[in-house]
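>>> I'll drop the sequence and a predicted model, then ask my questions.
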Amino acid sequence: MEKATRGRFFEDFRLGQEIVHATPRTLTEGDAAIYLALTGSRLLLHCDDGFARRQGLPRAPLADLLVFHTVFGKSVPDISLNAVANLGYAEGRFLDFVWPGETITAVSHVIGLRETASRENGVVWVRTRGFADGRPVLEYVRWVLVRKRSRDSATSEVAVPELRSVVPPQALVLPPRLSRLAVDPRATGYPWCFEDYEIGERIDHVDGMGVMESEHRLATRLYQNTARVHFEDQVQRESRLGRCIVYGGVVMSIARALSVNGLANALHLLAINAGTHANPCVAGDTIYAWSEVLDKAEFPGRDDVGALRLRLVAVKNRSAAGFPLRDAEGRYDPSVLLDLDYWVLVPRRSALLHS
Amino acid sequence: MEKATRGRFFEDFRLGQEIVHATPRTLTEGDAAIYLALTGSRLLLHCDDGFARRQGLPRAPLADLLVFHTVFGKSVPDISLNAVANLGYAEGRFLDFVWPGETITAVSHVIGLRETASRENGVVWVRTRGFADGRPVLEYVRWVLVRKRSRDSATSEVAVPELRSVVPPQALVLPPRLSRLAVDPRATGYPWCFEDYEIGERIDHVDGMGVMESEHRLATRLYQNTARVHFEDQVQRESRLGRCIVYGGVVMSIARALSVNGLANALHLLAINAGTHANPCVAGDTIYAWSEVLDKAEFPGRDDVGALRLRLVAVKNRSAAGFPLRDAEGRYDPSVLLDLDYWVLVPRRSALLHS
Amino acid sequence: MEKATRGRFFEDFRLGQEIVHATPRTLTEGDAAIYLALTGSRLLLHCDDGFARRQGLPRAPLADLLVFHTVFGKSVPDISLNAVANLGYAEGRFLDFVWPGETITAVSHVIGLRETASRENGVVWVRTRGFADGRPVLEYVRWVLVRKRSRDSATSEVAVPELRSVVPPQALVLPPRLSRLAVDPRATGYPWCFEDYEIGERIDHVDGMGVMESEHRLATRLYQNTARVHFEDQVQRESRLGRCIVYGGVVMSIARALSVNGLANALHLLAINAGTHANPCVAGDTIYAWSEVLDKAEFPGRDDVGALRLRLVAVKNRSAAGFPLRDAEGRYDPSVLLDLDYWVLVPRRSALLHS
């Protein structure tokens, strides 16, 4: 009996299949500190217990993307060990904060399957749910291109799920324990609130962050993500990139950390509408980021908090100053690493404290 | 008076000598998280508080090898600062779990001394004991080749200790607080239990893990291991390897983490029977691992838990698929980094929960 | 409105200005563990809860330089984002321990301003104060050379503060909760106490520590230090050094960690009298360190504890054995990275326990 697993191939997925992911993982303030050391994030909600307490919380919750990557990591051995590409995300929602000491579990359901024209791969859509001590905290759909075991194998099922292009504002969930916001702009370092951002506005986040070999591996292992392309140098040296590829979630986290310079009050992720890893990132690349305000939404009955829908674009090895994105034919600029569409919670003017 | 130390030479050891190692070290959940980020380990017992509690424990204990490396690190300034080579391990036993917040101390006794034929070095055998808040948690014998201060110095004592080649099953210690095991195979991700492993069976752990400069140094410093060969680039660039050598414990930890793919239910180390660092590892190497079942043992009166005696072989820069080990003359294959013989605790079938 | 900041230029500072730095930061035992993994420090007070408790403390306090770098990091976005050079430190005093779970805040006052002869830069002096949960824990003066927005802009204010060259012993503050010291030399590993160090004595700390790209970045991000010169490879590859410069605080921490070999009983920083980053450090450099005893001071009414005034010199890529410092013209040797003048708390003989 073969004891080690090599992961599912396209033929191993069934529509409606439920997959309970292995390795529940207790996240601690140790993980929070490592995540901060890896990203340099200055998002106040995740690094200042005092600020969190003033918002009615017991302490600083774990960074939203730390939770996302941990849930994602749980799903890798079951879903994407034989993936050729991570094609997209949709309908992602953050449902609650996660606290140090809580244990993350994850379950996925197969909601779509379609063989590609070449018959060598197939697209698998899964809806993954993450829980903290059993409480739902995150859900999202992702789809991946997965190798077939054999070109000739028949695939009985074809289903392409209908997915919302944007999570509608009324589906956004304010974290249950969050009280009325009260934000001292001197603490976040930036005075800008919900009312200050205009739809269509673009922000160059200025700073750049190099990614080195050890850092992206520490991050990816912290999430217990076992995808071999991030670690197996002996094999990856012969690959097209000539070295290991950086996990897309590392780019996401660094871009969000860079975006603090201009979006320091974008306190907490509410939703991921869509996301594309447009080009690969390898160690040695310097990441820059820019944002665009795509939409704004209010919460009924709340004058302290709003939601911004933002595009966060990460680029490599060039300043984000020109807001690079696509060429005239609509193809991503070769410098673009990530194009992420998300909703984020921001204080409204009435929630800003005056010093 | 010389304030800084350069470590003991062979002449400085005396048979029967007791050496209380410096720098007691409180291990925390911060260390647990770093260890996980460094190894990518998915051993459930050490990353899921919920699982640990279901086994009667207060929370997830620290990884067994984190404890081992910490105790080992304590002993380095006293034993092996002037070591030429780490020759072997024997009679290693893990006596109890260690919990975050407990403080590790270590004491060694010199149990053997023998000059080499060249008269330039000598072999020193020590039995090292590790304690957590004063409670014995680990003991092992190791022997190292230590430089002599002078070729001409006389050595009065010669003693080669008799060591068991294997820790006998009746000497294995089940961690005191561990209740009857109850393991959900969906949580570890693997269904295999004690009864499923056959003596002689070999397992290729498939995955590979590159070791980069920063990661092995972070690990070795975490253990407060002060051996200069791991850190002093300026000098090591002129060495035979042309760079710093990776601490053998780093290889051990990565190999054990890789072995989760096939041995996810090998929850806790019980004993180290023997271990050889067959060839050096340097940054840039990709580590693969395979295991062989050497023996099996039951615990009288316990139908929930058994012990597997395993050989864990780490190789570099080639797949472990062919189970590389030794050539026809019995010499280690140049790809072999580590040949470790150990006992590990695994659930028996009656301890597996059915979903 | 420009949302992202590019930092203050010389023209943006006003004499007497108070700057409340952003991003309060809760330090945890996660940070303590990372700091240890980054430095390899074996300073007992910061890694052994048991030792700390025997000195009347609730647990091991955070490393003094971890606190210093965190406070420093808070000040970077406001003070030194456009700094050309970090010129010096003075009048630094550690006022109390910081405990895991406490939140660091920082405030600076501008106490000096002077344009340089070239009119392209100006020197800014700030006195920065750090607090833990609002309690003063650290204060120091630093001065930096900051770019002017324009060569032609007028500067109305000129003030050069008078600063003490040394913090006088009577201004040193013993941490309030520290009881009578009781130090087991077997625990620190070194028998030397206050009485054993003589003014003028020099100590070669022997060991060397290579600095790799990922490690210095992890450290600098842990401190939320946003200076672009440490991270922005794409730009720094074109710089004079050809790569990112290592944050001077990383050198400081590694040198202090190395100095444990000879100064293991130098338990806690009391003051920073002066400090110069004499030459830049880049990844790949191996750091060595030596110390000189500059002065000694007793505390009235205390026979258990004294203070040593030490010079700590970090050098790169050569042994510290020759105590390199300055040439005949008084210029720093090109190998010198750091010349730090500080006071440190050490036990007196009567505080040493006999085994």
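That came through, no problem.
>>> Give me every residue in the stretch 201-350 of chain A lying close to chain B.
Taking Cβ under 8 Å from any Cβ of the partner chain as the contact definition, the stretch 201-350 of chain A meets chain B at A:212-215, A:217-222, A:224, A:226, A:228, A:231-235, A:244. (Glycine included, C-beta is placed from N, CA and C.)
>>> Separate out the buried members of those residues.
A:212-215, A:217-222, A:224, A:226, A:228, A:231-234, A:244 (16 or more other Cβ atoms under 10 Å in any protein chain shown).
>>> Which of those fall within strands?
Among these, no member falls in strands (criterion: DSSP state E).
>>> how about the helices in the stretch 151-300 of chain A?
With DSSP state H, counting those that start in this stretch as the criterion, the stretch 151-300 of chain A has helices at A:185-188, A:213-222, A:233-236, A:248-258, A:260-263.
>>> mind putting those helices in JSON lines, distance to chain C included?
Converted to JSON lines, the helices of the stretch 151-300 of chain A look like this (distance: least, Cβ to the nearest Cβ, whole Å):
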{"stretch": "helix A:185-188", "distance to chain C": "5"}
{"stretch": "helix A:213-222", "distance to chain C": "4"}
{"stretch": "helix A:233-236", "distance to chain C": "15"}
{"stretch": "helix A:248-258", "distance to chain C": "8"}
{"stretch": "helix A:260-263", "distance to chain C": "4"}
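>>> Out of the ones you listed, flag the one nearest residue A:14.
helix A:248-258 (26.5 Å; Cβ to Cβ).
>>> Could you give the number of residues near the nearest residue to residue A:237 once chain neighbours are set aside?
Nearest residue to residue A:237, sequence neighbours excluded (Cβ to Cβ, 6 or more residues apart in numbering or on different chains): residue A:243, at 6.5 Å. Using other Cβ atoms under 10 Å in any protein chain shown, residue A:243 has 14 neighbouring residues.
>>> what sits against residue A:243?
A:233, A:236, A:237, A:282, A:283 (Cβ atoms under 8 Å, 6 or more residues apart in numbering or on different chains).
>>> low-scoring pLDDT stretches of chain A, where are they?
Across chain A, the ranges flagged by pLDDT under 70 are A:1, A:355.
>>> Could you pull out the strands in it for me?
Counting by DSSP E, the strands of chain A are A:18-20, A:25-26, A:83-94, A:103-115, A:121-132, A:135-147, A:202-204, A:209-210, A:268-277, A:286-299, A:302-316, A:336-347.
>>> and the contacts of residue A:243, which are buried?
Buried by 16+ other Cβ under 10 Å: A:233, A:236, A:282, A:283, out of the contacts of residue A:243.
>>> Just the closest of these to residue C:88, please.
residue A:283 (35.6 Å).
>>> Stretch A:281-297 near chain C at all?
Yes - applying Cβ under 8 Å from any Cβ, one finds stretch A:281-297 touching chain C at A:284, A:286.
>>> Would you mind listing what in the stretch 101-250 of chain A touches chain C?
Along the stretch 101-250 of chain A, the residues adjacent to chain C under the rule Cβ under 8 Å from any Cβ are A:186-190, A:192, A:196-197, A:201, A:203-210, A:212-215, A:218.
>>> doesn't residue A:128 make contact with residue A:142?
Yes - between residue A:142 and residue A:128 a contact is recorded at 6.8 Å, counting by Cβ atoms under 8 Å.
>>> what touches both of these two?
In contact with both residue A:142 and residue A:128: A:72, A:79, using Cβ under 8 Å, 6+ apart.
>>> For the residues of the stretch 101-250 of chain A next to chain C, which PyMOL command selects only the ones that are buried?
Typed into PyMOL, the line below selects the buried ones among those, using 16+ other Cβ under 10 Å:
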select buried, chain A and resi 186+187+188+189+190+192+197+201+203+204+205+206+207+208+209+210+212+213+214+215+218
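>>> if I look at the closest residue to chain C within the stretch 101-250 of chain A, how far off is residue A:37?
Distances between the stretch 101-250 of chain A and chain C by Cβ to the nearest Cβ are smallest at residue A:189, namely 2.7 Å. Applying Cβ to Cβ, to the nearest Å, the value for residue A:189 to residue A:37 is 20 Å.
>>> Is stretch A:58-67 in proximity to chain C?
Yes - judged by Cβ under 8 Å from any Cβ, stretch A:58-67 and chain C are in contact via A:59, A:60.
>>> tally of neighbours for residue A:105?
Counted with other Cβ under 10 Å, residues neighbouring residue A:105 total 22.
>>> so what's it up against?
Residue A:105 neighbours (Cβ under 8 Å, 6+ apart): A:20, A:21, A:24, A:74, A:130, A:131, A:134.
>>> quick one: it and residue B:284, what's the gap?
36 Å.
>>> and what of residue A:352?
51 Å.
>>> When these two are compared, which one has more neighbours?
residue A:352 (21 against 17).
>>> Look up the residues forming beta bridges with that one.
Counting by DSSP bridges, residue A:352 forms beta bridges with residue A:183.
>>> ok, it to chain C distance?
As judged by Cβ to the nearest Cβ, to the nearest Å, residue A:352 and chain C stand 14 Å apart.
>>> Which residues are in contact with that residue?
A:183, A:184, A:185, A:191, A:193.
>>> Residue A:29 now?
Per Cβ under 8 Å, 6+ apart, neighbours of residue A:29: A:100, B:29, B:30, C:28, C:29, C:30.
>>> so of these, which ones are in helices?
B:29, B:30, C:29, C:30 (DSSP state H).
>>> and which of those is nearest to chain A?
Among the ones in helices among the contacts of residue A:29, and counting by Cβ to the nearest Cβ, the member closest to chain A is residue C:30, at 2.9 Å.
>>> How many residues are close by that closest one?
As a burial measure, residue C:30 scores 28 neighbours (other Cβ under 10 Å).
>>> same question, the one 5 residues further on
When neighbours are counted by other Cβ under 10 Å, residue C:35 registers 28.
>>> hang on, it packs against residue C:67?
No - if you go by Cβ under 8 Å, residue C:35 and residue C:67 don't touch, sitting 10.0 Å apart.
>>> Mind listing the shared neighbours of the two?
Residues touching both residue C:35 and residue C:67 (Cβ under 8 Å, 6+ apart): there are none.
>>> re the thing from before, could I get the contacts of residue A:29 as a markdown table with distance to residue A:91?
Formatted as a markdown table, the contacts of residue A:29 follow (distance: Cβ to Cβ, whole Å):
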| residue | distance to residue A:91 |
| --- | --- |
| A:100 | 28 |
| B:29 | 34 |
| B:30 | 35 |
| C:28 | 34 |
| C:29 | 37 |
| C:30 | 32 |
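>>> Return the closest of the residues you listed with respect to residue C:15.
The closest of these, once distances to residue C:15 are taken by Cβ to Cβ, is residue C:28, at 37.4 Å.
>>> ok, now which ones touch that closest one?
By Cβ under 8 Å, 6+ apart, the residues touching residue C:28 are A:29, A:30, A:32, A:33, B:30, C:100, C:101.
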